[in-house]
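**Q** coords please:
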Amino acid sequence: MPKQKTRKSVAKRVKITAKGKVLRTTASRGHLLTGKSRKRKRQLRGSSPLSAADRRRVLSQIAG
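**A** Now for the predicted structure:
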């Protein structure tokens, strides 16, 4: 039986921690940053964990 391929588009967008949590980048940080306050942009930095329902779906696409 052939191996399952990794979805590269998903793999580039998420990061898996050592304990198996899935981290994603925060939305609304790509463009139109001049209209957002400095505080809002600062809080959009970094990563946030994915919900449990989405984590199962993402892990099945990355497992390859």
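**Q** what about the helices in the chain?
**A** All helices of the chain, identified by DSSP state H, fall at 8-11, 38-43, 52-62.
**Q** Lys21: which of those is closest?
**A** helix 52-62 (7.5 Å; Cβ to Cβ). Using the backbone N, CA and C atoms, a C-beta is placed for each residue, glycine as well.
**Q** circling back: quick one: the helices of the chain as TSV, columns for mean neighbour count too.
**A** Formatted as TSV, the helices of the chain follow (neighbours: other Cβ atoms under 10 Å):
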stretch	mean neighbour count
helix 8-11	12
helix 38-43	10
helix 52-62	13
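**Q** Now render those helices as a markdown table, adding distance to Leu23.
**A** Shown next, in a markdown table, are the helices of the chain (distance: least, Cβ to Cβ, whole Å):
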| stretch | distance to Leu23 |
| --- | --- |
| helix 8-11 | 13 |
| helix 38-43 | 16 |
| helix 52-62 | 10 |
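**Q** Can you say which of the ones you listed is nearest to Arg24?
**A** Here helix 52-62 is closest among those (Cβ to Cβ), at 8.5 Å.
**Q** ok so, going back, possible to save the helices of the chain as a markdown table with distance to Ala27 and mean pLDDT?
**A** As requested, the helices of the chain are exported to a markdown table (distance: least, Cβ to Cβ, whole Å; pLDDT from 0 to 100):
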| stretch | distance to Ala27 | mean pLDDT |
| --- | --- | --- |
| helix 8-11 | 16 | 93 |
| helix 38-43 | 12 | 96 |
| helix 52-62 | 13 | 90 |
